[in-house]
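Asker: could you work out the structure for the sequence below:
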Amino acid sequence: MSWVNEMIKESRYDGAEIERSLWYHGTGGQKVPAILSNGLVPNPKSKTWDTHANASFGSASKASLGGVYLTQDLMIARISAGNSAKKGETQAIVVIDAQPRTFVMDEDDAAKFRIDAPFESEYLAIDAFMALSLGRNDQLIEYYREKYANLVVASAKRAFVGDREVPTKGPTMDPRLENRLYLMARGGWEVSVKRQVAHCKDDFAWSQGFWRNAADDVRNNFNQDLNERVANGEDRGTAYKSLMKNIIPKIPDPQSSESEFAEYSNTITRLLKPLARPSVSGRTFSVTARSLDPIGFNGSNRIVCIIEYQYSYKIYGDHHDRVKVVYGQIPPKLQKDWESHVGDLVIVDNFKKAKPEESSQEFDAKVASGWNLDAFSPRMSKSATKIAERHPDNVEAKKAALATLPIIQWNGPLFHGSPVSGMVEIVHQGFHTVSHGELNAPLLSVSKNENMLDYYSDGEATSGFVFNAQFDKVLVLDDFHYALSAYEATGDLWEDLVAEHPEAHDQAKALGYDIYDELGMRENELIDNIPADIDAIIIPGFDSPSRNSECEMAVTEFGCSKLMSFISSVYIRGSEYNAEDGIRVLKEIGELTNQGMHIYDAIMKTKEKWGD
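Answerer: Predicted coordinates for the structure are as follows:
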């Protein structure tokens, strides 16, 4: 047995045998026939994440490294299924009974160690790259390299501590594994720097970085050559650009840099494969993992159930998914997870098809015969319907229609996830609204779902604010106004509404919600037409996680002015503080960064002072 296996068995698990566990794989319904024939294949011809899209200076490519991606979080599997499914098609969840010793880390979990972004500033990243390329400032390079390696190791060690039942035992990472990771991170630092600067497109910053690191003889020779060319009649600007092309390092190619970084990331995920396994408390340190081997219907890792599901208000008249069992039987864990996080588990033998859309001639005939616009209105209040008929194309009519919506008091816990840098800004400047894509207006997203502290922490472990909110006036949107406000973000909601209730089209037009021959709210139109003292807006589906699990409530600028007083606790990179201490820690982090300290160093320094 190798030292790695000994370390995993003895140090990592205290000699306990690993229990089998159920894992989920989310995919599009169109792929189910191939899965039934071939099982789950590690490197299919068609991948959901197969390009270097979304790569940026601060974040590596989302292109998958390969393998079968698995998770123990049903909601993550559902998100993957939604990304994989084609528009209008069903989605599917494959349930695997697995021995997780065979898994490696998901690269997204490795990204939480910030292996892809050694620098927050393009200025510093360019400086380091130029020093590397020109063979200059060895002491500075060693400082950056060492700091990066130590940060990666410290982040990984915190992940190994994870959810241990007896945290006083300390990190469970074996010293030999820690040393291998340290050396690997030192070597990978250059790859990460190259990846970052490949996305720097500011030519002026690039040339300034070069001159900050250029040797004196390079500078002198350049000036001599430049003066000679100018003396010979060449334009100074043209001569400068020509000479610079010959001496300045080129900006690395983004695609090849991302590919090189992906190889480095892959080695990290293989080295830290223990993080993809259950901890002593029966949970996992990482709820996602990759299998590099195929998964079929027998063997150590095997498919035990496949379900396909369909959501369509237009067809079924409610917001419940319809679930069809394609293979096996639904395990108790899946049923429990579904009912806890999605809603009722409604099982059907077959899916229904949408009814043919009504022709414009049929609709016109109904209107001509005296269609009762009041009758359709479970989606829009009856009083709002009448207002729309009386006040066509009128701002006051829009306000009057919105005024028919219920306004309630709301007390209870809410969550707002954020990177630590954003939290520091908040405690210094207060909570403020930002552009809210879904509602097309300046609002601040909050949620009843505590997982948002992880989803929006930008890979910085659990980070964000927990509120004990006490809002006096919360506007509850109906489906009609929600679909109109969300039209810019997704036209599907409005199309589904009109397909179910064609009268909604005429109501919206009567109120003047037409934009370039389409219907929808203009930017800020929702917020401009509601009372100024509204604290927040509830989106339809607030009590249905399957409908909207990320932003169930949007806080107005008026409501934001109260949020600071509602803070009940603060999470900073996995550490929980009460409101007073959390705000004090964030302010100290801000003071240290203002003095020039890197934010991650500032976080670690304050954590040492206040305790983790």
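Asker: give me the three-state assignment for the residue nearest to residue 563 when sequence neighbours are not counted.
Answerer: Leaving aside its chain neighbours, residue 563 sits nearest to residue 431 (4.3 Å; criterion: C-beta to C-beta, 6 or more residues apart in numbering). Every C-beta, even on glycine, is put in place using the N, C-alpha and C of the backbone. For residue 431, the assignment made with DSSP: H, G, I helix; E, B strand; the rest coil gives coil.
Asker: got phi/psi on residue 431?
Answerer: With angles defined as degrees, to the nearest 10, residue 431 sits at phi -80, psi 140.
Asker: over to the one 10 residues further on?
Answerer: Backbone torsions of residue 441, given as degrees, to the nearest 10, read phi -160, psi 160.
Asker: quick one: which helix or strand includes the residue nearest to it when sequence neighbours are not counted?
Answerer: Leaving aside its sequence neighbours, residue 441 sits nearest to residue 527 (C-beta to C-beta, 6+ apart; 4.1 Å). Using DSSP states H and E, residue 527 maps to helix 525-528.
Asker: got the contact list for that helix?
Answerer: The contact list for helix 525-528 (C-beta atoms under 8 Å, 6 or more residues apart in numbering) reads 398, 402, 439, 440, 441, 442, 443, 481, 485, 537, 556.
Asker: give me that answer again for 10 Å
Answerer: For helix 525-528, the external contacting residues (C-beta atoms under 10 Å, 6 or more residues apart in numbering) are 395, 398-399, 402, 433, 436, 439-443, 475, 477, 481-482, 484-486, 512-513, 515, 521-522, 534, 537, 554, 556-557.
Asker: before we move on, what about stretch 346-354?
Answerer: Under C-beta under 10 Å, 6+ apart, the answer for stretch 346-354 is 29, 88, 90, 307-310, 312, 314-316, 318, 320-325, 330, 335, 338, 496, 499.
Asker: inside helices: which ones of the residues you listed?
Answerer: 314, 315, 316, 335, 338, 496, 499 (DSSP state H).
Asker: selecting buried members of those in ChimeraX, what would you type?
Answerer: To isolate the buried members of the ones in helices among the contacts of stretch 346-354 in ChimeraX, using 16 or more other C-beta atoms under 10 Å:
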select :314,315,316,338,496,499
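Asker: nearest to residue 21 among the ones in helices among the contacts of stretch 346-354?
Answerer: For the ones in helices among the contacts of stretch 346-354, the residue nearest residue 21 by C-beta to C-beta is residue 335; the value is 16.1 Å.
Asker: mind listing what the closest one touches?
Answerer: 345, 347.
Asker: from residue 348, how far out is it?
Answerer: Using C-beta to C-beta, to the nearest Å, residue 335 is found at 15 Å from residue 348.
Asker: list only buried entries from the contacts of helix 525-528.
Answerer: Using 16+ other C-beta under 10 Å, the buried ones in those are 398, 402, 433, 436, 439-443, 475, 477, 481-482, 484-486, 512-513, 521, 534, 537, 554, 556.
Asker: which residues touch the residue nearest the centre of the chain?
Answerer: Centroid-nearest residue in the chain: residue 455, 5.3 Å away (criterion: C-alpha atoms, centre = their mean). By C-beta under 10 Å, 6+ apart, the contact list for residue 455 reads 75, 76, 79, 415, 417, 447, 449, 464, 549, 550.
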